[in-house]
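> Have a look at this prediction, sequence included:
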Amino acid sequence: MFFAEPLKLQSGAEIADYTLVYETYGTLNADRSNAVLVCHALNASHHVAGRYSEDAGSTGWWDNMVGPGKPVDTDRFFVIGINNLGSCFGSTGPMHDNPATGKPYGAHFPVVTVEDWVHSQARLADALGIEQFAAVMGGSLGGMQALTWSLLYPQRVRHCVVIASTPKLSTQNIAFDDVARQAILSDPDFHGGDFYAHGVVPKNGLRVARMIGHITYLSDDVMAAKFGRDLRSGSYQFGFGIDFEIESYLRYQGDKFSEYFDANTYLLITKALDYFDPARNFGGDLTKTLADTRAEFLLVSFSTDWRFAPERSREIVEALVKNQRKVTYAEIDAPHGHDAFLLDDARYMNVVRSYFERAWQQIGSQQEAKGARA
Amino acid sequence: MNFHQLSGFRPDLAFIAHWVAPDTRVLDLGCGDGVMLDYLQTDKGCSGYGIEIDDERIPQCIARGVQVIQRDLEAGLSIFDDNSFDTVLCLSALQMMKNVEGVLRDIARVGREAIVSFPNFAYWPHRIALLRGHMPVSKSLPYDWYDTPNLRCATIQDFSALANEVGLEVIECVALDDGKPVSFLPNWRGSLAVFRLRKK
């Protein structure tokens, strides 16, 4: 969907004439009360569920969660997946032409924040005629967007579902993000962000960035269980090629990523992560920050997630409890680290399923009440 | 959930529910499947949270519309402010705690009143089992000594002393058997001890 009207960004910059791509699943009901917005994390997109072709590679990133009969049941809910501004899956981003110059934005694409994304998503909701979402949900960076919805548009969110997320990145998290950015920025093929004009891609930088990211998404235990110290060819090679299986795995992940992901987008999104800190405007007081929320909340964290640790989710729960908000919190004892939020775990899936079941019943009883009044 | 349904399900909870005033804030520690909070919310207009550790219980609470927070009781009360609840319920859960005194002090801190229940170890079939030389196994203590989650064994007399020590005054103490109060020889004939406590 095209938006001509300029959007004022947190940085003070503006962006006009931009496109947001989105995908929908299910049917919007007559009173438009069953819409669910799914916000994506770093490397995902609007393609949340289903497949474009027989190819399993075209499966949506949260297909185990969203679909007919799934925990977020698209036979009931109208689910919207949206690609964020600055991303590289169709919405306006650094690889697109800046209307002012006729050249790709490159590194001149304005730095966008989680708040900016939420405002842009709200415009899409306006255009689709959705005044209030039954739920806004997301994991990790997507959870930050869901939380931000409850702060910026308290009346527009009935349920806020925040999974494996945090009220702000830790120092260590910012440090990891900067190492990833440095890998990209120092790649000679980056060309100050204008690599498009040179017909190259800073693949090495992207690979290293992804390898670092990947390490932080897994737990030590799960890595050890999956790869251990297994050797690729059975013996030490006494060189600097691939000895260990974990090296092979990370390089494979890095290679794959560098082929589809945009380097400028990686920089932008990690900055959005680093800047996210809604309590900053409230002297660091998360309880005050959440005072204006009206939504009901579901938070889920995973015990071995050290990137977005359970303690961070508990901080949000505590602040909500202090505001006497309706909040449910599940802490899943899963071994997979941060990645767990994308994986199938019956306990996790049952929690989300029950929660949306309940949200669905509320829609039914509201409709009955309206019917009775009519 | 209405009172009739609760009585059928859990007569002990139905008895205890009388002590919770309508439209008050309630915290239910070890809330299980959330049946008590479900009743208190729908029939008495109460609100609040349940704390539960068991994975299987969390979706059950959600299905009942109970705001459940998955945490270990011995660590989980720190998120609540002092005096933030009118009543704190701790029903058949305290005996599973390692740090009973700590949890009880926390209960006294976050609540104005508390209702605490636990299996009465001095129930007569338990005494007979001990006289015969065995640890008791009964409806209220249904586990063998080597795999019981009940780390602490207490009697009605014992508990009053500890409650006093942590700053709670006993308003009422009732021994229940099959959900019905026992007035004659309660420390012998009651299988479940229920205390209604108030901060001193």
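Right, received. Where do you want to start? Numbers count the residues shown, from 1 in each chain, chains lettered A, B, ... in the order given.
> And the contacts of the least confident helix or strand in chain B by mean pLDDT?
The helix or strand of chain B with the lowest confidence, counting by mean pLDDT, DSSP states H and E, is helix B:186-189 at a mean of 80. Outside helix B:186-189, the residues within contact range by CB atoms under 8 Å, 6 or more residues apart in numbering or on different chains are B:120, B:122-124, B:127, B:155-157, B:173-175, B:177, B:182. Bear in mind the C-beta positions are built from the backbone N, C-alpha and C, glycine included.
> 7 Å instead, please
The contact list for helix B:186-189 (CB atoms under 7 Å, 6 or more residues apart in numbering or on different chains) reads B:120, B:122, B:124, B:155, B:156, B:157, B:175, B:177, B:182.
> how about a markdown table for those residues, with distance to chain A, secondary structure and pLDDT added?
What follows is the contacts of helix B:186-189, written out as a markdown table (distance: CB to the nearest CB, whole Å; DSSP: H, G, I helix; E, B strand; the rest coil; pLDDT from 0 to 100):
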| residue | distance to chain A | secondary structure | pLDDT |
| --- | --- | --- | --- |
| B:120 | 33 | strand | 83 |
| B:122 | 37 | coil | 78 |
| B:124 | 40 | helix | 81 |
| B:155 | 35 | coil | 79 |
| B:156 | 33 | helix | 80 |
| B:157 | 36 | helix | 80 |
| B:175 | 34 | strand | 87 |
| B:177 | 35 | strand | 84 |
| B:182 | 37 | strand | 83 |
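> Name the member of those residues with the most neighbours.
residue B:120 (30 neighbours; other CB atoms under 10 Å in any protein chain shown).
> Check whether that residue really touches residue B:195, as I assumed.
No - checked against CB atoms under 7 Å, the pair residue B:120 and residue B:195 is beyond contact range at 11.0 Å.
> mind listing the strands for chain B?
Remark: strands assigned in chain B by DSSP state E are B:25-29, B:47-52, B:68-70, B:85-91, B:111-119, B:168-177, B:180-182, B:192-199.
> Would you single out the least confident of these?
Per-stretch mean pLDDT for those is lowest at strand B:180-182 (a mean of 85).
> what's the burial count for residue A:14?
Using other CB under 10 Å, residue A:14 is surrounded by 11 other residues.
> Ramachandran coordinates for it?
Here is the backbone geometry of residue A:14 (degrees, to the nearest 10): phi -130, psi 150.
> how much space between it and residue B:57?
50 Å (CB to CB, to the nearest Å).
> Can you list the helices and strands that the helix or strand where residue A:371 lies packs against?
Using DSSP states H and E, residue A:371 sits in helix A:346-373. Contact partners of helix A:346-373 among helices and strands, from 3 or more CB pairs under 7 Å, 6 or more residues apart in numbering or on different chains; DSSP states H and E: strand A:72-73, strand A:133-139, strand A:296-302, strand A:327-332, helix B:57-63.
> at 6 Å instead, please
Packing contacts for helix A:346-373, counted by 3 or more CB pairs under 6 Å, 6 or more residues apart in numbering or on different chains; DSSP states H and E, involve strand A:327-332, helix B:57-63.
> Relative to residue A:237, which of the ones you listed is closest?
strand A:327-332 (39.6 Å; CB to CB).
> before we move on, back to that, can you add distance to residue B:150 and give the strands of chain B back as CSV?
Below are the strands of chain B laid out as CSV (distance: least, CB to CB, whole Å):
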stretch, distance to residue B:150
strand B:25-29, 16
strand B:47-52, 17
strand B:68-70, 21
strand B:85-91, 14
strand B:111-119, 7
strand B:168-177, 17
strand B:180-182, 21
strand B:192-199, 13
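> Please identify the deepest-packed of the ones you listed.
strand B:68-70 (a mean of 27; mean count of other CB atoms under 10 Å in any protein chain shown).
> Wondering if that one reaches chain A at all.
Yes - shown here: strand B:68-70 in contact with chain A (CB under 6 Å from any CB of the partner chain) through B:68, B:69, B:70.
> Would you mind measuring from the last one to residue B:52?
In this view, residue B:70 and residue B:52 are 6 Å apart by CB to CB.
> Do a quick rundown of the helices in chain A.
A:114-127, A:141-152, A:171-185, A:195-198, A:203-217, A:220-227, A:245-260, A:263-275, A:286-289, A:310-322, A:346-373 (DSSP state H).
> any idea which of those is most buried?
Most buried of those, by mean neighbour count (mean count of other CB under 10 Å): helix A:141-152, with a mean of 26.
> Could you list every helix and strand in contact with it?
Using 3+ CB pairs under 6 Å, 6+ apart, helix A:141-152 sits against strand A:35-39, helix A:114-127, strand A:133-139, strand A:157-163.
> wait, isn't residue A:191 in contact with residue A:198?
Yes - counting by CB atoms under 6 Å, residue A:191 does reach residue A:198; the two are 5.3 Å apart.
> Find residues that contact each of the two.
The contact sets of residue A:191 and residue A:198 do not overlap (CB atoms under 6 Å, 6 or more residues apart in numbering or on different chains).
> Look up how far residue A:283 lies from the residue of the stretch 201-350 of chain A found nearest chain B.
Going by CB to the nearest CB, chain B is nearest to residue A:318 of the stretch 201-350 of chain A, at 4.0 Å. Note on residue A:318: its distance to residue A:283, by CB to CB, is 17 Å.
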